[in-house]
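Novice: Just need the structure, nothing else, for what follows:
(one chain, ligands or ions: 1)
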Amino acid sequence: MTLALTVEALSKSYAPGRPPAVDSLSFSIGRGRTLGLLGGNGAGKTTTIAMLLGLLVPSAGRVVALGHDMATDRFAALARMNFSSPYIALPHRLSVEENLRVYGHLYGVPRLAARIAELARDLELADLLDRPAGQLSAGQKTRVALAKALINRPDLLLLDEPTASLDPDTGDWVRSRLEAYRAETGCAILLASHNMAEVERLCDEVLMLKQGKAVDRGTPAELLSRYGRDDLEQVFLDIARGTRAEEALA
Ligand SMILES: Nc1ncnc2c1ncn2[C@@H]1O[C@H](COP(=O)(O)OP(=O)(O)OP(=O)(O)O)[C@@H](O)[C@H]1O
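Specialist: Below you'll find the predicted structure:
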């Protein structure tokens with residue numbers, strides 16, 4: 001399998017004397033595959049994604065994205081990566097189209113007007129293109145964030161809570177768009193999510209994080225069988241409450 005992302009013993013300490021936010025994390029994602037990064041609040045998911053994007057400097061470890069070492073060669077990888085996070089606001093006064101144009105230029109997208117038209121059609125954004133980004137509803141903003149995340153046709157997509165604050169129907173629609181994009185392009189996806197049904201649907205493999213450490217991993221089916229549970233929500237609770245993961249790994 002060709003690997004899109006390899007992470008080796010990645011760690012981040014924000015302050016000396018405090019436990020690391022991410023503690024010697026290792027995993028890989030193959031082309032066309034989706035890895036779910038799961039963990040409770042403060043488990044280290046956002047910190048991990050920020051290091052993968054080069055926004056935070058790791059305290060230790062190595063990241064190789066799309067064949068490029070992020071410590072020495074990150075701009076070559078970043079051109080073929082993208083991300084979506086509900087915590088990063090789009091410039092408010094710019095219209096949706098202006099936002100997409102700015103990001104398209106940042107990523108050096110060829111034939112940008114045609115790409116924006118294609119995204120507007122695929123993501124049903126045509127009616128929003130003239131609207132200032134700051135005036136959109138949370139759900140509309142999430143759709144624009146998805147357009148921004150796909151603008152450069154990434155081969156590696158890092159998604160932090162891509163369907164947070166969406167109603168079930170719109171959330172389902174976003175998941176379908178992601179599945180279609182992955183099938184069409186072979187894009188690899190890292191998905192941090194608190195939505196267990198979403199993780200079961202989209203992820204080939206799941207990594208469970210607790211206090212910055214990987215405490216369990218496997219396909220959704222393997223985790224269900226290992227914990228003797230019917231759904232990932234119950235597995236998540238077992239791990240979060242700390243009763244079963246250690247036994248399962250023993
Ligand atoms: N800029 C920062 N400075 C200091 N500590 C930080 C900083 N950002 C995050 N942390 C700490 O690092 C730990 C991991 O936080 P992180 O945001 O990565 O978790 P998360 O899994 O994304 O959580 P959530 O699900 O709540 O978004 C937490 O203890 C948090 O308080």
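Novice: domain ranges for this protein?
Specialist: Domain assignment for the chain, taken from automatic domain parsing, gives 3-80+155-249, 87-153.
Novice: among these, which is nearest the ligand?
Specialist: domain 3-80+155-249 (3.2 Å; C-beta to the nearest ligand atom). Backbone N, C-alpha and C define where each C-beta goes, glycine included.
Novice: Let me have the domains of the chain in TSV, extended by mean pLDDT and mean neighbour count.
Specialist: Converted to TSV, the domains of the chain look like this (pLDDT from 0 to 100; neighbours: other C-beta atoms under 10 Å):
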stretch	mean pLDDT	mean neighbour count
domain 3-80+155-249	91	18
domain 87-153	92	17
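Novice: Next to the ligand, which bits of this protein? Give me the list.
Specialist: Applying C-beta under 6 Å from any ligand atom, one finds that the chain approaches the ligand through 14, 21, 39, 41-47.
Novice: Find the residue at the geometric middle of this structure.
Specialist: Centroid-nearest residue in the chain: Leu159, 1.9 Å away (criterion: C-alpha atoms, centre = their mean).
Novice: Regarding that one, what are the backbone dihedral angles?
Specialist: For Leu159, the backbone dihedrals (degrees, to the nearest 10) come out as phi -120, psi 120.
Novice: For stretch 34-49, give me every contacting residue.
Specialist: 7, 10, 12, 21-23, 25, 27, 29, 56, 83, 85, 87, 158, 160, 182, 188-194, 196, 199, 202-212, 232, 236, 240 (C-beta atoms under 8 Å, 6 or more residues apart in numbering).
Novice: Check the gap between the nearest residue in space to Leu209 that is not next to it in sequence and Pro16 for me.
Specialist: Spatial nearest neighbour of Leu209, excluding adjacent residues (C-beta to C-beta, 6 or more residues apart in numbering): Gly39 at 3.4 Å. Distance, Gly39 to Pro16, using C-beta to C-beta, to the nearest Å: 23 Å.
Novice: Alright, calling it a day.
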